[in-house]
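Asks: Give me a model of this one.
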Amino acid sequence: MDWIASEHDVLNVFSGNQNSDLLRVPSDNYNGITVARSELMNGVFQKVEANNDNDGDDDAAGDRVSVDLMAPGVNISVADAGASNPTTTATGTSFAAPHVTGTIALLNEYSDYEVANSGSARWDFSNPRKHEVMKAVLLNSADKIAGANNSGREVVDENGNNWEQSPAFMDDQISLDQQMGAGHLNAKRALTQFKSGEYNNGENVPNLGWDYGETGGMGTTLSYPLAENFAGGYVTLTLAWDRGVIKSGGLDDTYDPSNMFTGQAVDDLDVFICPIGWTNPFADAVAKSVSSDDNVEHIFKSIAPGNYEIVVNQATGGDRDFGLAWWFGTAPSTTLGDFDNDGDVDGADLNKWKGDFGNTGGSDADSDGDSDGADYLTWQQNFGAGGPATPAAAAVPEPSGGVLIAGLSLLWRRRAAR
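Replies: Got it, this is the predicted structure:
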């Protein structure tokens, strides 16, 4: 399956792991996505179901973790062929994996539209569909902590531990959690991540974006400086590349049962968030992921305000294609609409929003990567919160006509698109 991923540019989605004494798969899955099933807790799919069998004999080969992503998989409504009742409920990772497959299909559909209609260099004909990009986007947009970068759910393992209690959060050499992977699938956030379009290394990049890139082999260092100073808050970053596989026998691009496949050593790529002016990413980084046994690096951390760049470094191996996705969220605040992070929502926040309008980040209440009319409405709804009580006679200010028209036009376009 890893050979198929690389040879035919396919992101294989696995229901795993299979609970059988004779069939332990997909223990050797590097280039695809292995899905664990989640169950309802407080009415939300947010907890790893205890029977995923991700440890012991079902564990992935080597020191890697068994799971990349969670998706709903307990008591799922499915078709019941041939029965008088057209649907039934079923439980298993076989019913979790299709959620991921369907999300990939939706992202591909969105990509086709942008490639055909936008005329933008951000939507190259082939790069958005690359399986490394899809993998990076899905993992990077997964839910972990409620409120972090517009995430609506708190994800926990079978013991009730959240991401910030996991080894992956505390150890830079562990990319993903053994039970949760990168977190819970969120199709809406995946689309938000994907809609930003592609930005290349060396460009000044927005707070939300992705890239399909290529290293130059061992010793390569690539950088993605942020276009604006980061206001501080949660950052999620995912780097994904293929484990090489050699096929012997038959034609190079076809499969038959006589073929033999040999997995190669995983090239060692690392990813860092460094302040501008860094000299050594290992020493200077404010956040990093430096695993040596997997082909995924993943960062999830809250960092202080500053001027940063993303750094990709290759320690071993030859030229390697990769997918990279990043999400620098808004600064934590007790109240939405507090764009200047001074603890209240007032006229100063409106002025900041006006200055940020139309740009990436800045006054971004909904963490969708831009400052637009939706963020103004959030400010308006929360005006007066977080500080002294607003006098009864005070009216909520209205934006200037041009800005309001632009915001309403944006909301109309969104509704029309739906």
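Asks: end-to-end on stretch 29-36?
Replies: Terminal residues of stretch 29-36 lie 14 Å apart, using C-alpha to C-alpha, to the nearest Å.
Asks: For it, what does the pLDDT average out to?
Replies: Averaged across stretch 29-36, pLDDT comes to 93.
Asks: which phi and psi does residue 14 have?
Replies: phi -110, psi 140 (degrees, to the nearest 10).
Asks: correct me, but it touches residue 36?
Replies: No: taking C-beta atoms under 8 Å as the definition, residue 14 is not a contact partner of residue 36, at 10.4 Å. All C-beta spots, glycine's among them, are computed from the backbone N, C-alpha and C.
Asks: who has more neighbours, the two?
Replies: residue 36 (30 against 20; other C-beta atoms under 10 Å).
Asks: show me the residues around residue 187 that make contact.
Replies: Shown in contact with residue 187 (C-beta atoms under 8 Å, 6 or more residues apart in numbering): 99, 102, 103, 106.
Asks: quick one: which of those residues sit in helices?
Replies: 99, 102, 103, 106 (DSSP state H).
Asks: which residues sit in contact with the second one?
Replies: For residue 102, the set of contacting residues under the criterion of C-beta under 8 Å, 6+ apart consists of residue 187.
Asks: swap in the first one?
Replies: Residues near residue 99 by C-beta under 8 Å, 6+ apart: 35, 71, 72, 185, 187.
Asks: could the residues you listed be laid out in JSON lines, adding distance to residue 83?
Replies: JSON lines is the format used below for the contacts of residue 99 (distance: C-beta to C-beta, whole Å):
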{"residue": "35", "distance to residue 83": "27"}
{"residue": "71", "distance to residue 83": "25"}
{"residue": "72", "distance to residue 83": "22"}
{"residue": "185", "distance to residue 83": "29"}
{"residue": "187", "distance to residue 83": "29"}
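Asks: Now, those residues that are in helices?
Replies: residue 187.
Asks: Kindly give a single PyMOL line that selects the buried subset of the contacts of residue 99.
Replies: Here is the PyMOL selection string for the buried members of the contacts of residue 99, based on 16 or more other C-beta atoms under 10 Å:
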select buried, resi 35+71+72+185+187
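Asks: Could you export stretch 317-336 as CSV, CA atoms only?
Replies: What follows is stretch 317-336, C-alpha atoms only, in CSV (Å, rounded to 0.1, in the frame of the first residue of the first chain):
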residue,chain,number,x,y,z
GLY,A,317,18.0,10.8,3.0
GLY,A,318,17.8,12.0,-0.6
ASP,A,319,15.4,14.4,-2.4
ARG,A,320,12.0,14.0,-0.9
ASP,A,321,8.5,15.5,-1.7
PHE,A,322,6.5,16.6,1.3
GLY,A,323,3.2,18.2,2.3
LEU,A,324,3.3,20.9,4.9
ALA,A,325,0.3,22.6,6.7
TRP,A,326,0.3,25.3,9.3
TRP,A,327,-2.2,27.2,11.4
PHE,A,328,-1.1,30.1,13.6
GLY,A,329,-4.3,30.9,15.6
THR,A,330,-5.4,34.0,17.4
ALA,A,331,-4.0,35.0,20.7
PRO,A,332,-6.0,33.6,23.7
SER,A,333,-8.5,36.0,25.1
THR,A,334,-11.3,35.7,27.6
THR,A,335,-13.7,37.3,25.2
LEU,A,336,-14.1,37.0,21.4
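Asks: How is this protein partitioned into domains?
Replies: 2-328, 347-417 (automatic domain parsing).
Asks: Give me the average confidence score over the shortest one.
Replies: Same thing as domain 347-417. So the average pLDDT for domain 347-417 ends up being 63.
Asks: same deal with stretch 302-310?
Replies: Stretch 302-310 comes out at a mean pLDDT of 96.
Asks: Which parts of the stretch 251-400 of the chain are helices?
Replies: 281-284, 347-356, 373-381 (DSSP state H, counting those that start in this stretch).
Asks: for the stretch 1-150 of the chain, which spans come out with low pLDDT?
Replies: 17-26, 53-59, 61-62 (pLDDT under 70).
Asks: residues in contact with residue 38?
Replies: Per C-beta under 8 Å, 6+ apart, neighbours of residue 38: 45-49, 70-74, 96, 155, 184.
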